[in-house]
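Participant: fold the following, please.
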Amino acid sequence: MKTKYILYLIGGVLVLILALGSLFILDETEQAIVTQFGKPVGGSRTHAGVNYKVPFIQKVQRFDKRYLKWDGDPNQVPTQDKKFIFVDTYARWQITDPLQFYMRLRDERSGQSRLDDILDGETRNAIARYELLDLVRSTNRKPETSEQYLQEIESLDSINVGRAAIEKMILVKANERTTDLGIIILDFRIKRMNYVESVRNNVYDRMISERNRIADQFRSEGQGEARKIQGNKERDLAQIKSEAVKQSEQIRGRADAEATKVYAAAYNKNAASRDLYAFLRAMETLDKSFDDKTSLIITTDSDLYRYLKTVK
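Facilitator: A predicted model of the protein is given here:
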């Protein structure tokens, strides 16, 4: 009786092992093919869920269903106008036919290597056909600046194709070479672009020289404007001073005329007043003209002598 139960238990375990060996589960991010002795059997398994295979004989080859990244190595490439630049690129790709992909490339590492050959080659071919200006810019935009001087000297040359169009051309050409690989390149971009070291130093020196020239011109124009403002200030100050002197002289003249008028009116009022006025003016003159160390020589017909004689 025990032997019977043991046989039943062993049979159940074998059935369970066979059942588990014949089932495999794919999640939403996976797709797969089944191989038997290294050769694919059946079609591609692309739907998530439970799938079946022959246990022990058949094996499952799983592939990622999501978008995969490709990052190219920076390469030195000459442009059509013979300028050597370093170009760094990246792309996104996807396995669309697992069966074809397995038959041609086997795994993702081989796929990445194949993309290196395709995308690097198409990138070199495209860059060699166009000038640097087309690779740097995508549109014929106008420089946005409020400085009239910069608007005049920094006009941009027109491009014929543009960077975005060149990237699209590379993408199309590359996909034409991947049609039998079971993959598709979804996007391609130039990540970074720069001159080689020797050329880059010359470009930086030229840029510095150009900016220094612009700065010197701005500085010269500023100094000229400062001198103009200084000249206008000095002219305005001289004009204000001249006008002030003119007005002061006019006021002084009117005051002197008014004083003379008053003096004349007082002098001509009567003889006694004239004599008194003359006497006061003479005394004022003597007071302001002499001190204890002053000597004066005058004639006998002088008005001052007359008053001095009278005082005596």
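Participant: going by C-alpha atoms from here, please, whenever you check contacts or count neighbours.
Facilitator: Noted.
Participant: show me the strands in the stretch 51-200 of the chain, by range?
Facilitator: When assigned using DSSP state E, counting those that start in this stretch, the strands of the stretch 51-200 of the chain occupy the ranges 58-64, 68-71, 75-78, 84-95, 183-195.
Participant: give me the residues contacting the third one.
Facilitator: What it means is strand 75-78. 84, 85, 86, 87, 88, 124, 127, 128, 196 (CA atoms under 8 Å, 6 or more residues apart in numbering).
Participant: want to throw those residues into a markdown table with pLDDT, neighbour count and distance to residue 280?
Facilitator: Listed next are the contacts of strand 75-78 as a markdown table, based on pLDDT from 0 to 100; neighbours: other CA atoms under 10 Å; distance: CA to CA, whole Å:
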| residue | pLDDT | neighbour count | distance to residue 280 |
| --- | --- | --- | --- |
| 84 | 86 | 21 | 106 |
| 85 | 89 | 21 | 105 |
| 86 | 89 | 16 | 107 |
| 87 | 92 | 23 | 108 |
| 88 | 93 | 19 | 109 |
| 124 | 92 | 17 | 115 |
| 127 | 92 | 22 | 111 |
| 128 | 91 | 18 | 112 |
| 196 | 78 | 15 | 104 |
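Participant: how about the strands of the stretch 51-200 of the chain in JSON lines, adding distance to residue 232?
Facilitator: Output for these, formatted as JSON lines (distance: least, CA to CA, whole Å):
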{"stretch": "strand 58-64", "distance to residue 232": "79"}
{"stretch": "strand 68-71", "distance to residue 232": "65"}
{"stretch": "strand 75-78", "distance to residue 232": "58"}
{"stretch": "strand 84-95", "distance to residue 232": "54"}
{"stretch": "strand 183-195", "distance to residue 232": "51"}
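Participant: nearest to residue 108 among the ones you listed would be which one?
Facilitator: strand 58-64 (7.9 Å; CA to CA).
Participant: show the average pLDDT along that closest one.
Facilitator: Taken as a whole, strand 58-64 carries a mean pLDDT of 91.
Participant: returning to what we had before: wait, which of the strands of the stretch 51-200 of the chain is closest to residue 236?
Facilitator: strand 183-195 (56.5 Å).
Participant: okay, buried residues for that closest one please.
Facilitator: 183, 184, 185, 187, 188, 189, 190, 193, 195 (16 or more other CA atoms under 10 Å).
Participant: returning to that earlier point: quick one: which of the strands of the stretch 51-200 of the chain is nearest residue 118?
Facilitator: strand 183-195 (10.7 Å).
Participant: what strands flank the closest one, and is each parallel or antiparallel?
Facilitator: strand 84-95 (antiparallel) (DSSP bridges).
Participant: and the contacts of the strand it pairs with?
Facilitator: 63-79, 101, 182-196, 199.
Participant: ok, stretch 198-211 next?
Facilitator: 84, 194.
Participant: which element, helix or strand, includes residue 31?
Facilitator: strand 30-36 (DSSP states H and E).
Participant: so which bits of that strand are buried?
Facilitator: Applying 16+ other CA under 10 Å to strand 30-36 flags 30, 31, 32, 33, 34, 35 as buried.
Participant: now do the same contact list for the closest residue to the fifth one other than its chain neighbours.
Facilitator: Meaning residue 34. Counting by CA to CA, 6 or more residues apart in numbering, residue 60 is the residue found nearest to residue 34 once chain neighbours are left out, at 4.7 Å. Going by CA under 8 Å, 6+ apart, residue 60 touches 32, 33, 34, 35.
Participant: returning to that earlier point: adjacent strands (with direction) for the strand holding residue 31?
Facilitator: Strand 30-36 is paired, per DSSP bridges, with strand 39-45 (antiparallel), strand 58-64 (antiparallel).
Participant: show me the domain layout of this protein.
Facilitator: What the record gives for the chain is the domain set 2-62, 68-195, 215-268, 269-312, from automatic domain parsing.
Participant: report the helix or strand with the lowest average pLDDT across the protein.
Facilitator: Ranked by mean pLDDT, DSSP states H and E, the helix or strand of the chain with the weakest confidence is helix 148-153, at a mean of 50.
Participant: sorry, back to before: how far is the strand holding residue 31 from where the chain is centred?
Facilitator: 52 Å (CA atoms, centre = their mean, to the nearest Å).
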